[in-house]
Structure formats: structure tokens, C-alpha cells
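Q: sequence below, structure please.
(2 chains)
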There are 2 protein chains.
Amino acid sequence: MSRTSTPATGRQPSPVLPDAPRSDAHADAAARAAALLKEHRTSIDRLDAILVYTLGERFKHTQAVGKLKAEHDLPPSDPAREAQQIARLEDLATQADLDPEFAKAFLNFIIQEVIRHHRKHQE
Amino acid sequence: MSRTSTPATGRQPSPVLPDAPRSDAHADAAARAAALLKEHRTSIDRLDAILVYTLGERFKHTQAVGKLKAEHDLPPSDPAREAQQIARLEDLATQADLDPEFAKAFLNFIIQEVIRHHRKHQE
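A: Numbers count the residues shown, from 1 in each chain, chains lettered A, B, ... in the order given. Reported below is the predicted structural model:
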């Protein structure tokens, strides 16, 4: 009968350190930075999940809009609506402390994808 | 003394209609489509607010990451982390019924902006 449990020794391989660490303080600062970096990255990953699911929901609506436009022979692109969205996005971006130029570029990026989808529906 | 208030008449110019509407049913269908289009657009506007605020939050974290990287002389771009993020985004996109190719292009678009920010910090 074999024993499947292995006693935990509590021993861990030493972390790989640079050949000549300048000081313990230096190593501590690097460890703190690594821990902080990890925290920020897990937050970024959670926010990316929000972005992906929100984009998924947004595309459901733009697909429905594309279908309506195709059924009623409306043009896939609507410059008046887009100008309104861009102005609104700039306001929102300022409130959210996001670069309004980036917000505009971001909306354009999404709109181009939406127009590509609408064109597919009308082909 | 001039009066600055103009009484609202409640009168609106008649909507421009096609010369010969095919039928009431046709007009009803167009009105229903217009109402639906409006509903989808208000949903899209709400989702855009989520996207902008989430991006604002995300950039706070990437700015902190950029600062950490600059302080610790780390390169602004991290291909291993980016590859991991892209793989994760593809999974999330599939779950959210979003085109994984679009999700990848979207992440690349954001990452390029983040790298541009990080470079600014290191200049």
C-alpha cells in the first residue's frame, strides 16, 4: 500500500536573485513594485472583462440597428448620429478623466467595425 | 425693454413624408422601426458611458503600471503579458458572443495607446 500524502516541508527554493543585489532595501523596493504591478494587472484584467461583455452587449444593439436599417433601406452610416455620439463621448471622457482624443479614436474604431457589419448585412 | 421669452406655440412643422406613402401599414412599420431604432440608440449611449468610465479606470491602472515601470527601468512593452491578455480576451469574447478577432484588434488598439503613454513617461 503506497502512501499518497507527502509531508509539507515548508521549504521553498530560494527566489532567483540578481548576482549582486545592491542592498536589502533595493530588493524590498523591487518586491513591493512587483506586488503592486500584479495588483494593477488583476484590476486591468477585471476591467477588460467589463469592456468585452459591454462591447458584446453593444454589438447586439448595433446588429439590431443594422437589421432595421437594412429592412428599411436606410444607409449603414449616419453622420448626424455619429457627430452627436462623438460630442457626447468627449463630454463623458472629460468627466471620466480620459483623453477626449483617445475617446474619439476609440468610438471611431468601434463605429468602423459596426459599419463593416452593417455593410455585410446589406450585401 | 425687449421681451426675451417667446411663448411656445406647441406647433411643430409637419414631418416630411414621402410624396406617396404606400399605405398606413407602411407608415406604421416605419414608425415602429423609428421607435425601435431610438430605443437601441439610448441603450448604446448608456453602454458607451460604461465603456468610457471603464476605460478611464483602466488607464488609471496602466498609468500606475507605467510609472512603476519607469521607476524600475522596465521596458514599456511586455510581450509575454500581452500574449496572455490576448489569449484571455479571446476566451472572454467567445463567452460574450463577440467576434474574437474584433476583441483582439480592440485590445491592440488600447495597448498601443498605453505604450504611447508609457513612452511619454520615460522620455
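
Q: what angle do the helix ranked longest in chain A and helix B:24-71 make?
A: Ordering each helix of chain A by length in residues (DSSP state H) puts helix A:24-71 first. Helix A:24-71 runs at 170 degrees relative to helix B:24-71, counting by axes from the mean of the first three to the mean of the last three Cα atoms, to 10 degrees.

Q: give me the mean pLDDT for the helix or strand that helix A:24-71 is followed by.
A: Counting by DSSP states H and E, the element after helix A:24-71 in chain order, helix or strand, is helix A:79-95. For helix A:79-95, mean pLDDT rounds to 92.

Q: got a list of what the most centrally placed residue in chain A touches?
A: Nearest residue to the geometric centre of chain A (Cα atoms, centre = their mean): A:Asp48, 3.3 Å. Listed by Cβ atoms under 8 Å, 6 or more residues apart in numbering or on different chains, the contact set of A:Asp48 reads B:Arg58, B:Gln85, B:Arg88, B:Leu89, B:Leu92, B:Leu107. C-beta: built from backbone N, CA, C; applies to glycine.

Q: what's near enough to touch A:Phe102?
A: Per Cβ under 8 Å, 6+ apart, neighbours of A:Phe102: A:Ala93, B:Leu55, B:Glu113.

Q: and the gap between A:Leu36 and A:Asp97?
A: Distance, A:Leu36 to A:Asp97, by Cβ to Cβ, to the nearest Å: 21 Å.

Q: of those two, who's got more company?
A: Ranked by neighbour count (other Cβ atoms under 10 Å in any protein chain shown), A:Leu36 and A:Asp97 place A:Leu36 first, with 14 against 11.

Q: residue contacts, that one?
A: Contacts of A:Leu36 by Cβ under 8 Å, 6+ apart are B:Ala64, B:Leu68.

Q: now with 10 Å?
A: B:Ala64, B:Val65, B:Lys67, B:Leu68 (Cβ atoms under 10 Å, 6 or more residues apart in numbering or on different chains).

Q: mind pulling up the pLDDT for A:His40?
A: pLDDT, A:His40: 97.

Q: any of the contacts of A:Leu36 buried? List them.
A: B:Ala64, B:Val65, B:Leu68 (16 or more other Cβ atoms under 10 Å in any protein chain shown).

Q: look up how far chain A lies from the second one.
A: As judged by Cβ to the nearest Cβ, to the nearest Å, B:Val65 and chain A stand 5 Å apart.

Q: show the contacting residues for that residue.
A: A:36-37, A:39-41, A:43-44, B:74, B:76, B:78, B:81, B:114, B:117-118.

Q: could you do A:Gln95 as well?
A: Contacts of A:Gln95 (Cβ under 10 Å, 6+ apart): B:Ala49, B:Val52, B:Tyr53, B:Gly56.

Q: within reach of chain A, which of those residues are there?
A: B:Ala49, B:Val52, B:Tyr53, B:Gly56 (Cβ under 10 Å from any Cβ of the partner chain).

Q: tell me the pLDDT of the third one.
A: Taken from the predicted model, the pLDDT recorded for B:Tyr53 is 96.

Q: got the contact list for the residue lying closest to it once chain neighbours are set aside?
A: The shortest distance from B:Tyr53 to any residue other than its chain neighbours is 4.7 Å, reached at A:Ala96 (Cβ to Cβ, 6 or more residues apart in numbering or on different chains). Neighbouring residues of A:Ala96 by Cβ under 10 Å, 6+ apart: A:Ala103, B:Ala49, B:Leu51, B:Val52, B:Tyr53, B:Thr54, B:Leu55, B:Gly56, B:Glu57, B:Phe59, B:Lys60.
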